[in-house]
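Novice: I'd like to go over a predicted model; first the sequence, then the structure.
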Amino acid sequence: MAELEKDSRSSSEAGTPSNFIRNKIAQDLASNKHEGRVHTRFPPEPNGYLHIGHAKSICLNFSVAAENGGLCNLRFDDTNPAKESQEYVDAIKDNINWLGFHWNDEVRYSSGYFERLYDFAVQLIEKGLAYVDSLSAEQAREYRGSLTEPGTNSPDRERSIEENLDLFARMRAGEFEDGNYSLRAKIDMASPNINMRDPVLYRIRHIAHHQTGKEWCIYPTYDYTHCISDAIENITHSLCTLEFEDHRPLYDWILHNLDIASLSNVSDLEGQAINYVLPEQTEFAKLKLNYTMMGKRNLKEMVDTGVIEGWDDPRMPTLAGMRRRGFTARSIRNFCESVGVSRSESVVDMSMLEHAIRDDLDKSAPRAMCVLNPLRVTLVNLEPEHREILSLQNHPKEESMGRREVPFTREIYIDRADFEEEPPAGFKRLIPEGEVRLRGSYVIKCTEVIKGADGEISELKCTVDKDTLGKKPEGRKVKGVVHWVSTTEGVKATVRLYDRLFNVENPESKEIEDYRDCLNPTSLIELTECVVEPSVFAESDSENFQFEREGYFCIDRKDSTETNPVFNRTITLRDSWSS
RNA sequence: UGGGGUGUCGCCAAGUGGUAAGGCACAAGGUUUUGAUCCUUGCAUUCGUUGGUUCGAAUCCAGCCACCCCAGCCA
């Protein structure tokens, strides 16, 4: 028995890393707490775009359900219409699908439960556990006390049940203005947990809601709504982040003070032969990434003030931005799995994310060549009309990824960084009188350096060793390999080189007055004279490529045009030389 | 100074009384027509700290220290 318990605790041998949430679910399953059910939910508020931090929660909730044959709902926690919109609802749904997850039947909305929520509020009032308060928000703050001092009861706290019922009905009917009344739970104004000092359950807001329109002028608060929504959806494990830990007593208080049969009766599984069990909240640490800002308020501000180009700017940590940057859904899922789930607040190093995308793209991205900063090279011992079609493997290790045709001509481009007149020690690229391998092609030797009037190198004359295609040259070793593109058949393209948006580890640190002071001035470098091999535009089904020796790039579908393709650099290759 | 949490390698993170997994990063070799990938090796005598219990402690107990969260009619 002890052996069995230990096995259920650690699933690391099975490939899925052990964490305290998986362990807890395994224990709940072992004790048959929910009759074998595992039902989670991802509950975003549609007040912004999803970011990589949300991805951690999405992966956790959906994976943990799937691993146990359970379900995961998508529920919009839309109780604050002032900040929410349909645009965000749509973007969030889209992002979750893109990430590769499928929610249990139709999308849920907390607003879909407004009527039931109202009924439960009436129930609390009838039980003498909630009252209508006329304190203003400001007064309520004063009555609440402080961290070290208990609060004091509102003068309205002992209002009669009848009067509370009447007032609450009139709140709903729209008889009062915003802020004039609120419905509060009657708990304990002296509680050391401030969340228990008669928290507000309903507030008056004469404002339209993106889902319910003008049907309501009172809206329930998060604390009141979330637990009941979980209960209605028969959620077994309600996973949320650490800052809600203090709210758990309230979550439990609300649910335990409602008649369990009435909860069960309006739940999704009503009528099915299951033993109705209340959901339980478990908290985990949210994801933090260095060199990244994750606060929704700040992200929204960057969008609104044009610091970046929008929610899907490839420098944004949003899923929309990362997608446009070229991150694959799988790499994000792998990353989320690799950072683990714990209760210690940690800051994950950017290199972990970079590893995840390189790891995925190395295996999946077809190779191609693109010259970022072109330098003309004339191969003098080839005929002017020389044209040879070379067949290159799309992936050095994966033959199943096929081959492509690359035209080789008398004039080609190589990258300016691959030639040095005065090379530093250890330089393995082209130098005067030196040899280098053209990737997938011949070995060439530089015989002449041509400079323009400004002293800049304008062209290289080289000779081709015609006996080196697919074989090593005889009697010598060629140390370097360089990528190239035909000048006549290459396609001109714009390439955007992205780098981290911030140059400090924690742009949201209190020590920093304004994150704008920490913006990386070279987070985007746009190159407009790049030349890419034509095969990239063949009916390839890939959006992602490795431009050999440069990095991973993807086609920017938003800005590319028929005549001017745009590529975004997802991430550079690892570089142990770093020039 | 109230309450709730967290402290295991530079960064994540397993570990739940039997003698410190793994990944990232880093370093050194090997392979290589990508200075990539891949492979091999190295990388915590020690788990915030001080005591205690125990044959045995990262794991149990007590004190201390550091950091995070909470005083929205935001979520």
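Specialist: Yep, that arrived.

Novice: A:G145: what secondary structure?
Specialist: When classified by DSSP: H, G, I helix; E, B strand; the rest coil, A:G145 comes out as coil.

Novice: Could I get the pLDDT score of it?
Specialist: For A:G145, the pLDDT comes out at 97.

Novice: That one: how many residues sit nearby?
Specialist: As a burial measure, A:G145 scores 16 neighbours (other Cβ atoms under 10 Å). Every residue, glycine included, has its C-beta placed from N, CA and C.

Novice: And it, how close does it get to RNA strand B?
Specialist: Here the criterion is Cβ to the nearest atom of the strand, to the nearest Å. By it, A:G145 lies 7 Å from RNA strand B.

Novice: Distance-wise, check the residue nearest to that residue when sequence neighbours are not counted relative to RNA strand B.
Specialist: Distance criterion Cβ to Cβ, 6 or more residues apart in numbering; nearest residue to A:G145, sequence neighbours excluded, is A:G151 at 3.5 Å. Counting by Cβ to the nearest atom of the strand, the separation of A:G151 from RNA strand B is 8 Å.

Novice: Quick check, A:G151 in contact with A:P199.
Specialist: No: counting by Cβ atoms under 8 Å, A:G151 does not reach A:P199; the two are 11.2 Å apart.

Novice: which residues of the stretch 301-450 of chain A fall in helices?
Specialist: A:319-325, A:329-339, A:350-364 (DSSP state H, counting those that start in this stretch).

Novice: what's the last one packed up against?
Specialist: Contacting helix A:350-364 under the criterion 3 or more Cβ pairs under 8 Å, 6 or more residues apart in numbering; DSSP states H and E are the following elements: helix A:329-339, strand A:544-547, strand A:551-555, strand A:566-572.

Novice: Now with 7 Å, please.
Specialist: helix A:329-339, strand A:566-572 (3 or more Cβ pairs under 7 Å, 6 or more residues apart in numbering; DSSP states H and E).

Novice: does RNA strand B sit close to the first one?
Specialist: So the one you mean is helix A:329-339. Yes: residues of helix A:329-339 contacting RNA strand B under Cβ under 7 Å from any atom of the strand: A:338-339.

Novice: Please identify the buried residues of that helix?
Specialist: Using 16 or more other Cβ atoms under 10 Å as the test for burial, helix A:329-339 gives A:329-337, A:339.

Novice: Return the angle between stretch directions for that helix and helix A:350-364.
Specialist: Between helix A:329-339 and helix A:350-364, the angle comes out at 140 degrees (axes from the mean of the first three to the mean of the last three Cα atoms, to 10 degrees).

Novice: Can you read off the backbone torsions of the residue nearest to A:G145?
Specialist: Backbone geometry at A:G151, expressed as degrees, to the nearest 10, gives phi -90, psi 180.

Novice: what does A:I96 give?
Specialist: phi -70, psi -40.

Novice: contacting residues for it?
Specialist: Shown in contact with A:I96 (Cβ atoms under 7 Å, 6 or more residues apart in numbering): A:58, A:74.

Novice: try A:S342
Specialist: Each residue near A:S342 by Cβ under 7 Å, 6+ apart is listed here: A:19-20, A:284-285.

Novice: Which of those residues fall in strands?
Specialist: A:F284 (DSSP state E).

Novice: and the gap between A:E138 and RNA strand B?
Specialist: In terms of Cβ to the nearest atom of the strand, A:E138 sits 8 Å off from RNA strand B.

Novice: Give the burial count for that residue, as a bare number.
Specialist: Neighbours of A:E138 using other Cβ under 10 Å come to 9.

Novice: what comes up buried for whichever helix or strand it is part of?
Specialist: Assigned by DSSP states H and E, A:E138 belongs to helix A:137-143. In terms of neighbour count (16+ other Cβ under 10 Å), helix A:137-143 has its buried residues at A:140, A:143.

Novice: before we move on, what about stretch A:16-29?
Specialist: Buried, per 16+ other Cβ under 10 Å, within stretch A:16-29: A:18-19, A:21-22, A:24-26, A:28-29.

Novice: and RNA strand B, which of these contact it?
Specialist: Near RNA strand B, by the rule Cβ under 7 Å from any atom of the strand, you find A:18-19 out of the buried residues of stretch A:16-29.

Novice: who touches A:G310 in this structure?
Specialist: Neighbouring residues of A:G310 by Cβ under 7 Å, 6+ apart: A:V303.

Novice: show me where the stretch 151-300 of chain A has strands.
Specialist: A:182-185, A:200-204, A:218-220, A:237-241, A:280-284 (DSSP state E, counting those that start in this stretch).

Novice: okay, and the helix or strand of chain A with the least pLDDT?
Specialist: helix A:2-9 (a mean of 30; mean pLDDT, DSSP states H and E).

Novice: Tell me which of the helices of the stretch 301-450 of chain A sits nearest to A:N95.
Specialist: A:N95 lies closest to helix A:319-325 among the helices of the stretch 301-450 of chain A, at 4.3 Å (Cβ to Cβ).

Novice: Give me the residues contacting the closest one.
Specialist: With contacts defined as Cβ under 7 Å, 6+ apart, helix A:319-325 is touched by A:49-52, A:55, A:91, A:95, A:98-99, A:311-315, A:332, A:498, A:556, A:558, A:568, A:570.

Novice: Off-centre distance for it?
Specialist: Here helix A:319-325 is found 8 Å from its chain centre; the criterion is Cα atoms, centre = their mean, to the nearest Å.

Novice: Buried residues in that helix, which are they?
Specialist: For helix A:319-325, a neighbour-count test (16+ other Cβ under 10 Å) marks A:319-325 as buried.

Novice: could I have it exported to CSV, CA atoms only?
Specialist: C-alpha atoms of helix A:319-325 as CSV (Å, rounded to 0.1, in the frame of the first residue of the first chain):
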residue,chain,number,x,y,z
LEU,A,319,0.7,34.5,-27.5
ALA,A,320,-0.4,36.5,-30.6
GLY,A,321,3.0,38.2,-30.6
MET,A,322,5.0,35.0,-30.1
ARG,A,323,3.1,33.3,-32.8
ARG,A,324,3.9,36.1,-35.2
ARG,A,325,7.5,36.0,-34.0
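
Novice: Thank you, goodbye.
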